[in-house]
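1. using only what follows, build the 3D model:
(2 chains)
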Amino acid sequence: MLRRWPTSTDWIALAVFAILLLLPLGIGAYPVRVATVIFMWAALAGSWNLLAGYAGAVDLGPVVYHGLGAFVTAALMLKVGLPFLVSAGLAGVVAMAVAFAVGTPTLRLRGAYFAIGTLALAESAKQLALAWDRLTPIPLTGGSAGISLPLSAGYLVFYYVMLALMGGVTAAALWLRHSKFGYGLRAVGENDRLAEASGVDIHRLKRRLYVGSAFVIALTGGTAGYWLSYINAMEAFNASVTFQMVVMTLLGGLGTPFGPVLGAAFLTLVSEFLGTRFVYHYLIAIGVIIVAISLFAPSGLAGIADLARRRRTQGAM
Amino acid sequence: MSLLEVRGITKSFGSLMAVNGVDLALEEGEILGIIGPNGAGKSTLFNVIAGLERPTAGSVTYRGRSIAGLSPDAVCRRGIAKTFQIPQLFPRLTVAENVLVAALYGRGAGLHDARREAREWLVFVGLGEKAQMPAETLSVPERRRADLARVMATGASLILLDENMAGLNQKEVEAAVTLLRGVRARGKSLIVTEHIMGAILGLADRALVLNYGEKIAEGAPADVMRDPAVISAYLGVAYA
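-> Predicted coordinates:
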């Protein structure tokens, strides 16, 4: 009666993941870099999608964990001398602790109040990061000048870390479709009062997801910082990171496992293609494309794929 | 010891006393009907028992333990589940998944058992055929039955039905009364609010009448409905 897993979709996703594992063998350095950017955004947008798409909580402050991840990773590498992966992992744990403390009060806010609350929080976090070195005896953020990280060895490590992050988030989204946790979250997203009346502890469920996505976002932020080998608080905590996560998810398909991946790939490739040809005007074209997709495919690119599949099966019958 | 004891419950919204000093007790396996005109405080009383509203004063004790002030999900897991006056759904989940959520979280069942129980409760309420339909495609009478399947799946032993028969025709009311007798036969206790007097007469062991937030009568349903205070509350003093 109810869907079982693994489904054919899960197998296809696994096959694509295997191809991506081998991809750097067949392509040059530039395509690998572009793919890394796509994976990075897919991991970020995918984390946002978990909370917004499944539990219906619109978080406008995920960049907090992006910036936190970048600076904690940098601090652990520079001050403590830990290797990159260990630093990024620890930054993820720090982000989880912060997310638990922040989520406990804020996740009780409903709807727009949660969105506004998290947006304000992200701005405060940025200001705090900018002022950190003046306010505390431990310089970490370099103020508005930012800090430089050691140059990294090669670009392949970033490709694989970002691929793993994207894979992890997508696997989590796939798992949510058939798990107890996922049913609870979808119930919260559909009708939180009814979910509560059915025994779902909505606050605990949302917080668990919020803390988990903070871990992934921080890891992604830490990896991105090391990859660029330079971070500053204005950029690492920039609200545009949040908005890009939102736009990519909505473009790709909110609440679908592959929507954020599609949205990230689409927007990154379009920016790359248009950006090299129309250096100054490409943002206008991207704006038009986003509006067109929102108008004609409100459920996103994943929705178009579903629609096409349904048409095809109907035609076959 | 009664299954549920409500003492001196008062709930005010600003200057409005929605419920004023109401006492009630319910024994295991009993069906209690709460009747009263619109705005008498029936739904508010239910919401207080189910944890959706915090009482201004008074206590609610279930199986000897106080539950006043607990969150709705905690009340549900303790064993009290409520249907909604306007039947509620998870619209884009299937009918089966709607019931599944209640079995998973209300009763704490694992996925395998919860799936089986969801299917059984849907058959019980006569919606077995609709299990795979999106819940939003159900008609209003079907939504009420799906809501009943949901509260049954929570494993609750006390079920609160808030005007579960509103808007049903005579035949559907009879079917609903039969269904609710089946609910009791499965060891559940029930409190039902209704303003269809006939439905209460055929179903409840005992009835309690609310008017303007206060209890004005309590007893066997047939006696209560002959009570002059009840008749004047419903029809005006001239008829009493």
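2. tell me the confidence at the one residue in chain B that gets nearest to chain A?
-> The nearest approach of chain B to chain A comes at residue B:106, 3.4 Å away (CB to the nearest CB). (C-beta placed from N, C-alpha, C; glycine too.) As summarised for this prediction, residue B:106 has a pLDDT of 95.
3. same question for residue B:240.
-> For residue B:240, the pLDDT comes out at 55.
4. what of residue A:175?
-> In the predicted model, residue A:175 carries a pLDDT score of 93.
5. that one: neighbouring residues, count only.
-> Other residues near residue A:175 come to 14 when the count uses other CB atoms under 10 Å in any protein chain shown.
6. give me the next element, helix or strand, following the helix with the most length in chain A.
-> Scanning chain A for the helix with the most residues, using DSSP state H, yields helix A:202-228. Proceeding C-terminally, helix A:202-228 gives way to strand A:230-231 as the next helix or strand, assigned by DSSP states H and E.
7. and the contacts of that following strand?
-> Taking CB atoms under 8 Å, 6 or more residues apart in numbering or on different chains as the criterion, the residues outside strand A:230-231 that touch it are A:70-71, A:74, A:146-149, A:225.
8. one more time with 6 Å
-> Outside strand A:230-231, the residues that touch it by CB atoms under 6 Å, 6 or more residues apart in numbering or on different chains are A:70, A:146, A:148, A:225.
9. also stretch A:61-76?
-> Here stretch A:61-76 makes contact (CB under 6 Å, 6+ apart) with A:48, A:82, A:87-88, A:90-91, A:94-95, A:118-119, A:121-122, A:125, A:140-141, A:147, A:149, A:214, A:217-218, A:221-222, A:225, A:231, A:236-237, A:241-242.
10. next one: that stretch to chain centre, how far?
-> Its chain's C-alpha centre and that of stretch A:61-76 lie 13 Å apart, by CA atoms, centre = their mean, to the nearest Å.
11. give me the mean pLDDT for it.
-> Per-region confidence: stretch A:61-76 scores 96 on mean pLDDT.
12. got it, and stretch A:199-219?
-> Here the mean pLDDT over stretch A:199-219 is 96, rounded to a whole number.
13. does that stretch reach chain B?
-> Yes - applying CB under 6 Å from any CB of the partner chain, one finds stretch A:199-219 in contact with chain B at A:199-201.
14. strands along chain B, start to end?
-> B:4-13, B:16-26, B:31-35, B:57-62, B:65-66, B:80-82, B:158-162, B:189-194, B:206-211, B:214-219 (DSSP state E).
15. can you tell me the element residue A:94 falls in?
-> According to DSSP H and E, residue A:94 maps onto helix A:84-106.
16. packing partners for the next helix-or-strand element following that helix?
-> Downstream of helix A:84-106, the next assigned helix or strand under DSSP H and E is helix A:111-135. Packing contacts for helix A:111-135, counted by 3 or more CB pairs under 6 Å, 6 or more residues apart in numbering or on different chains; DSSP states H and E, involve helix A:63-75, helix A:233-236.
17. same list (the strands of chain B) but as CSV, adding mean pLDDT.
-> Compiled in CSV, these are given as follows (pLDDT from 0 to 100):
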stretch, mean pLDDT
strand B:4-13, 93
strand B:16-26, 92
strand B:31-35, 92
strand B:57-62, 94
strand B:65-66, 93
strand B:80-82, 95
strand B:158-162, 93
strand B:189-194, 92
strand B:206-211, 91
strand B:214-219, 90
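18. quick check: pLDDT value at the spatially most central residue of chain A.
-> To find the centre residue of chain A, average its C-alpha atoms and take the closest one (CA atoms, centre = their mean): that gives residue A:44, at 1.3 Å. pLDDT, residue A:44: 97.
19. which strands and helices lie in contact with the helix or strand containing it?
-> Assigning secondary structure by DSSP H and E places residue A:44 in helix A:29-49. Packed against helix A:29-49, as judged by 3+ CB pairs under 6 Å, 6+ apart, are the following elements: helix A:156-176, helix A:202-228, helix A:239-252, helix A:259-277.
20. wait, which of those is closest to residue B:131?
-> Judged by CB to CB, the one of these that comes nearest to residue B:131 is helix A:156-176, at 21.3 Å.
21. would the closest one count as contacting chain B?
-> No - judged by CB under 6 Å from any CB, helix A:156-176 and chain B are separated, with a smallest distance of 12.2 Å.
22. okay, now the unreliable bits of the chain?
-> Going with chain A. Using pLDDT under 70 as the threshold, the predicted model of chain A has low-confidence ranges A:1-5, A:310, A:312-317.
23. please go with chain B instead
-> Within chain B, the set of residues satisfying pLDDT under 70 comprises B:237-240.
24. how about the residues of it near chain A?
-> Near chain A, the residues belonging to chain B are B:72-73, B:76-77, B:88, B:90, B:96, B:101-102, B:104-106, B:111, B:115, B:131, B:154 when assessed by CB under 6 Å from any CB.
25. farthest pair in the residues you listed?
-> Of all pairs drawn from those, the widest gap by CB to CB lies between B:72 and B:131 and measures 25.9 Å.
26. the more surrounded of the two?
-> When neighbours are counted by other CB under 10 Å, residue B:72 and residue B:131 differ, and residue B:72 comes out ahead with 25 against 20.
27. contact partners for that one?
-> With contacts taken as CB under 6 Å, 6+ apart, residue B:72 has the following neighbours: A:196-197, B:50-52.
28. so which of those residues belong to helices?
-> Secondary structure of the contacts of residue B:72 is defined by DSSP H; positions in helices are A:196-197.
29. switch the contacts of residue B:72 over to JSON lines; also include distance to residue A:208.
-> Compiled in JSON lines, these are given as follows (distance: CB to CB, whole Å):
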{"residue": "A:196", "distance to residue A:208": "16"}
{"residue": "A:197", "distance to residue A:208": "20"}
{"residue": "B:50", "distance to residue A:208": "25"}
{"residue": "B:51", "distance to residue A:208": "22"}
{"residue": "B:52", "distance to residue A:208": "24"}
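30. residue A:92 against residue A:217, yeah?
-> No - Residue A:92 sits out of contact with residue A:217 when judged by CB atoms under 6 Å, with a separation of 8.6 Å.
31. which of the two has more residues huddled nearby?
-> Here residue A:92 and residue A:217 are compared on neighbour count by other CB under 10 Å; more neighbours surround residue A:217, at 30 against 23.
32. and for residue A:227, the neighbour number?
-> For residue A:227, the number of neighbouring residues by other CB under 10 Å comes to 20.
33. helices of chain B, residue ranges please.
-> Listed in chain order (using DSSP H), the helices of chain B are B:42-49, B:72-78, B:95-105, B:111-124, B:140-153, B:170-185, B:197-203, B:221-226, B:228-235.
34. can I get the last one in CSV, CA atoms only?
-> Taking only C-alpha atoms (Å, rounded to 0.1, in the frame of the first residue of the first chain), the coordinates of helix B:228-235 have been written out as CSV:
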residue,chain,number,x,y,z
PRO,B,228,-37.0,23.1,31.7
ALA,B,229,-33.7,24.9,32.1
VAL,B,230,-32.4,23.0,29.0
ILE,B,231,-35.5,23.7,26.9
SER,B,232,-35.4,27.4,27.7
ALA,B,233,-31.7,27.6,26.8
TYR,B,234,-32.4,26.0,23.4
LEU,B,235,-35.8,27.4,22.5
